[in-house]
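Peer 1: Starting from these lines, generate the structure:
(2 chains)
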Number of protein chains: 2
Amino acid sequence: MSISNMQPWLPRVVIVGAGFGGLAAAKKLAGEPLGVTLIDRRNYHLFQPLLYQVATAALSPADIAAPIRGILRNAENCTVLLAKVTGIDPVARTVTTDRGTVPYDHLILATGARHAYFGHDEWEAAAPGLKKIEDATELRRRILIAFERAETESDMAERSRLLTFVVVGGGATGVEMTGAIAELARHALASDFRNIDPRDARVVLVEAGPRVLPVFHPSLSDYAKQTLETMGAEVILNRAVTAVGESGVTLGDDHIESRTVIWAAGVRASPAGKWLDAETDRAGRVIVNPDLSVPTHPDIFVLGDTALLKDEDGRPLPGVATVAEQQGRYVAKLLAARTRGKELPPFRYRNPGILATIGRSRAVAEIGRWRFTGFAAWMLWSFVHIYGLIGFRSRYVVALSWLWAYLTYERGTRLITGSDGAGEPMRPGAEHADHAVVLKRDAA
Amino acid sequence: MSISNMQPWLPRVVIVGAGFGGLAAAKKLAGEPLGVTLIDRRNYHLFQPLLYQVATAALSPADIAAPIRGILRNAENCTVLLAKVTGIDPVARTVTTDRGTVPYDHLILATGARHAYFGHDEWEAAAPGLKKIEDATELRRRILIAFERAETESDMAERSRLLTFVVVGGGATGVEMTGAIAELARHALASDFRNIDPRDARVVLVEAGPRVLPVFHPSLSDYAKQTLETMGAEVILNRAVTAVGESGVTLGDDHIESRTVIWAAGVRASPAGKWLDAETDRAGRVIVNPDLSVPTHPDIFVLGDTALLKDEDGRPLPGVATVAEQQGRYVAKLLAARTRGKELPPFRYRNPGILATIGRSRAVAEIGRWRFTGFAAWMLWSFVHIYGLIGFRSRYVVALSWLWAYLTYERGTRLITGSDGAGEPMRPGAEHADHAVVLKRDAA
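Peer 2: The predicted structure is shown next:
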């Protein structure tokens, strides 16, 4: 058993959050003369960019999640603690958790973001977002149950509501979810029902801005919109959602009747800013120094989706994995340099390019001034994501799952779990057993 | 869209339950001049013999579950209904479900079994069993959380309780769970903690009878017991459990302190017998005619774990997949023959042999008078189970997962899900945050 991390003469680095940023920092600190404790409320690192594939029955949760302890097994100066952080005492220099109090000399906060409802938290029940594994399996359950309910529904208006899926938000997650649901309905489920034709399903993407994928070049936004339409989805631009409820989504004077709404419209940073009583922007992101430290607390660093840092042009760095990873490595290098009495220049983000997938053989890529679409972009997206997955087994299982899906259009993980099966209502008030008929011939 | 199953002039066969028996019946009835409806409360068929591998973090739920609609996609006379059956009216010849009422001309009940606590249902909270996917992910969560809690526990007695795992019942499931937990502690988790050594974990199998694997030849029972002991587990025979609670398991005057108890000691048939008001044995199994029909209702057939049928020697047929499958195919053939005005001889079980695995390269096999153990039995077990998995993707993913586990001793699905992460207590009263220390050096 290693005890090197418990040497009390080593400066103590505590990292909160084992996402892309926190994990990159911990890995980079391995072997340095620092005692590192990585705290997360989950025992796994989640590869969030592929979470939508769990929600749409293409991958299993374990394919995109790796146990943190396994990743840091050989980092003998790193301890992993499964605990929920409830606060920080910057004077006493301690992190408060439900498993006890952890003292620190240097603190790295990499606690990510949750989806946000622009002040309408009551929309969440009807329009869940996609950040956690439980979010993804719940969305998968709702999407699959909607088809099941439609199959036995005799009321044509209700059947149509059940077969309408609305995705709110036209960023990468919204585009990916829209494309994946359209493919699920048109291919994987196409022949599996007797009373409905899943290809009749309506999949609608609603975006408040003038184009989807706004961080990409406008030509790629156009390609994404046209591609989604080719795949049978509808794209509504320049329309803000004014209400979300059991019966669907309201856009000003219009109402889209739907039983399945997916929220991909905005994020809010985790409560790290509140813990520190630090200055934040409207989305809750902590405004940090160019070295990612908090102005009032030079021993505390905030990074990834939880931090607000601007690039040379004054634009905030995007909430993507590459920013968090580079920031995590930067803070680790900074702390390691300081143990040797050195300093580092301020953090600078090196953009490796952006990618988004729309569907089978369809993606967009923008690398510097180089832009391309279609099969080549999709292959690049596939390789980058498989390469990014931690753990040999995950990589090969995911590669195999994708090859299988590509060849057959099948979805391998179509399980409705997490409730007591069919006995559970899809959501409160959504049960229509009274006027359901079980077989069409009974209604005839 | 196929409507052939809705032809009202066809006799209606309703099958309740898409386990091994119900699914085998539905597949065999495909293409026959009968309108078939398969009802299950789940949308997937579960390959239960490998459920313990989900509980011990070796496989993902989707690896051993296949969507029923996908399996029966090309069986155009088969309709699948996701619904929960609540009763049967044998006079009106209808099945009552939460999605409506389904009329039948012939009814096949294949609703399986649940674990039973010999009249002590209050033990279930402390000692869950293993029948559903949710059971398996809950057990996986409890087992993994126990190691996490032990890592931060300063009270040595509590740490020892957390690192003690008790499996009640020495049948195939109990032996498999015991071996898998021992391997998890001794290999997959061995280097992942800093304050505890998972290899110190105590894994205890308790069996009330004189030997484990009682359906096998005594020499194979001895091999299984010795093998478990070689793997570091303890096997206690001839001791009945008299109490199960938060603090562990009581065996008469003895008490084993444990925070994780797994129940593999008995099953009780599903309530089909009650629905029919039919004669059952003590375990709730319906006593059936030699053609699997119910004595009072010749149009109702009961099979698999829900039925009690004796072999030529007067012993009840075991509750295994092969019995259910052969019975499902038999009833399907019988109904098909009757549409042609023919009859079949009574059902006769052809035992293809029995297999159980204990751990890596260790299994037992008994095929007629041929008995063998070790690597050969383990390879046979592996091939039989991979062959039995439905769906190309599942087979290859499982084969790859097993090869990966064999080469590396890794477990690929070590996820603690289904609760709010670390914030959730392991079970009521089991939280010890007050006297927990976070890092050993803090306690020192």
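
Peer 1: can you map out the helices along chain A?
Peer 2: Remark: helices assigned in chain A by DSSP state H are A:20-29, A:51-55, A:68-71, A:133-151, A:156-162, A:172-183, A:218-230, A:272-276, A:321-339, A:374-388, A:392-408, A:440-443.

Peer 1: Dump these to JSON lines, plus mean pLDDT and mean neighbour count.
Peer 2: Any C-beta I mention is one placed from the backbone N, CA and C, and that applies to glycine too. Below are these laid out as JSON lines (pLDDT from 0 to 100; neighbours: other C-beta atoms under 10 Å in any protein chain shown):
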{"stretch": "helix A:20-29", "mean pLDDT": "97", "mean neighbour count": "26"}
{"stretch": "helix A:51-55", "mean pLDDT": "94", "mean neighbour count": "26"}
{"stretch": "helix A:68-71", "mean pLDDT": "92", "mean neighbour count": "23"}
{"stretch": "helix A:133-151", "mean pLDDT": "95", "mean neighbour count": "22"}
{"stretch": "helix A:156-162", "mean pLDDT": "96", "mean neighbour count": "17"}
{"stretch": "helix A:172-183", "mean pLDDT": "96", "mean neighbour count": "27"}
{"stretch": "helix A:218-230", "mean pLDDT": "97", "mean neighbour count": "18"}
{"stretch": "helix A:272-276", "mean pLDDT": "92", "mean neighbour count": "21"}
{"stretch": "helix A:321-339", "mean pLDDT": "97", "mean neighbour count": "21"}
{"stretch": "helix A:374-388", "mean pLDDT": "92", "mean neighbour count": "16"}
{"stretch": "helix A:392-408", "mean pLDDT": "78", "mean neighbour count": "18"}
{"stretch": "helix A:440-443", "mean pLDDT": "32", "mean neighbour count": "15"}
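
Peer 1: mind giving me TSV with these and columns for distance to chain B?
Peer 2: Shown next, in TSV, are the helices of chain A (distance: least, C-beta to the nearest C-beta, whole Å):
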stretch	distance to chain B
helix A:20-29	13
helix A:51-55	10
helix A:68-71	4
helix A:133-151	4
helix A:156-162	13
helix A:172-183	15
helix A:218-230	24
helix A:272-276	16
helix A:321-339	18
helix A:374-388	14
helix A:392-408	5
helix A:440-443	4
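
Peer 1: Tabulate those helices (CSV), appending distance to B:Y349.
Peer 2: Formatted as CSV, these follow (distance: least, C-beta to C-beta, whole Å):
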stretch, distance to B:Y349
helix A:20-29, 54
helix A:51-55, 41
helix A:68-71, 45
helix A:133-151, 35
helix A:156-162, 44
helix A:172-183, 44
helix A:218-230, 55
helix A:272-276, 63
helix A:321-339, 56
helix A:374-388, 47
helix A:392-408, 36
helix A:440-443, 36
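
Peer 1: Nearest to chain B: which residue in the stretch 151-300 of chain A?
Peer 2: Going by C-beta to the nearest C-beta, chain B is nearest to A:D192 of the stretch 151-300 of chain A, at 3.8 Å.

Peer 1: Quick one: closest of the helices of chain A to B:G391.
Peer 2: helix A:392-408 (9.3 Å; C-beta to C-beta).

Peer 1: Contacts for the closest one, please.
Peer 2: A:47, A:50, A:58-60, A:62-64, A:66, A:360, A:382, A:385-387, A:389, A:410-412, B:392-393, B:396-397, B:400-401, B:404, B:408, B:410, B:412 (C-beta atoms under 8 Å, 6 or more residues apart in numbering or on different chains).

Peer 1: and if you look at stretch A:247-259?
Peer 2: Applying C-beta under 8 Å, 6+ apart, the set of residues contacting stretch A:247-259 is A:127, A:146, A:149, A:157, A:160-162, A:164-166, A:168, A:204, A:206, A:236, A:239-244, A:246, A:261, A:426-427, A:430.

Peer 1: And the buried ones among those residues, selectable in ChimeraX?
Peer 2: Here is the ChimeraX command that selects the buried residues among the contacts of stretch A:247-259 (16 or more other C-beta atoms under 10 Å in any protein chain shown):
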select /A:127,146,149,160,161,162,164,165,166,168,204,206,236,241,244,261,426,430
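
Peer 1: coming back round to it: the helices of chain A: which one's closest to B:S221?
Peer 2: helix A:392-408 (34.1 Å).

Peer 1: starting at the chain centroid, how far to stretch A:249-256?
Peer 2: For stretch A:249-256, the gap between its own C-alpha mean and the chain's C-alpha mean amounts to 26 Å (C-alpha atoms, centre = their mean, to the nearest Å).

Peer 1: for the record, mean pLDDT for that stretch?
Peer 2: Taken as a whole, stretch A:249-256 has a mean pLDDT of 96.

Peer 1: Alpha carbons only: can I get that stretch in CSV?
Peer 2: Extracted in CSV, the C-alpha atoms of stretch A:249-256 (Å, rounded to 0.1, in the frame of the first residue of the first chain):
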residue,chain,number,x,y,z
VAL,A,249,-43.2,23.7,-25.9
THR,A,250,-44.6,27.3,-26.5
LEU,A,251,-42.8,29.7,-28.8
GLY,A,252,-44.6,33.0,-28.3
ASP,A,253,-47.9,32.5,-30.1
ASP,A,254,-47.1,29.0,-31.3
HIS,A,255,-47.3,25.8,-29.4
ILE,A,256,-45.6,22.5,-30.4
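
Peer 1: Okay, buried residues for it please.
Peer 2: In stretch A:249-256, counting by 16+ other C-beta under 10 Å, buried: A:V249, A:L251, A:I256.

Peer 1: Report the beta-bridge partners for the second one.
Peer 2: Read that as A:L251. Beta-bridge pairing for A:L251 (DSSP bridges): A:D254.

Peer 1: quick one: contacts for A:T97?
Peer 2: A:I39, A:L81, A:A83, A:K84, A:V85, A:T86, B:V438.

Peer 1: Only the buried subset of the residues you listed, as a ChimeraX command please.
Peer 2: In ChimeraX, this line selects whichever of the contacts of A:T97 come out buried by 16+ other C-beta under 10 Å:
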select /A:39,81,83,84,85 /B:438
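
Peer 1: Among the contacts of A:T97, which has the minimum pLDDT value?
Peer 2: B:V438 (31).

Peer 1: wait, which of the buried residues of stretch A:249-256 is closest to B:K132?
Peer 2: Using C-beta to C-beta, the buried residues of stretch A:249-256 come closest to B:K132 at A:V249, 34.5 Å.

Peer 1: how about CSV for the buried residues of stretch A:249-256, with distance to A:A272 added?
Peer 2: Formatted as CSV, those follow (distance: C-beta to C-beta, whole Å):
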residue, distance to A:A272
A:V249, 31
A:L251, 34
A:I256, 36
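
Peer 1: Quick check: of those residues, which lies closest to A:L303?
Peer 2: Among those, and counting by C-beta to C-beta, the member closest to A:L303 is A:V249, at 34.4 Å.

Peer 1: Tell me what A:R114 is bridged to.
Peer 2: Assigned bridge partners for A:R114, using DSSP bridges, are A:R268.

Peer 1: If you could redo that for A:L107, that was the one I meant.
Peer 2: The partner residues for A:L107, given DSSP bridges, come to A:V14, A:I300.

Peer 1: Provide a list of residues in contact with it.
Peer 2: A:V13, A:V14, A:V16, A:I88, A:R93, A:V95, A:D299, A:I300, A:F301.
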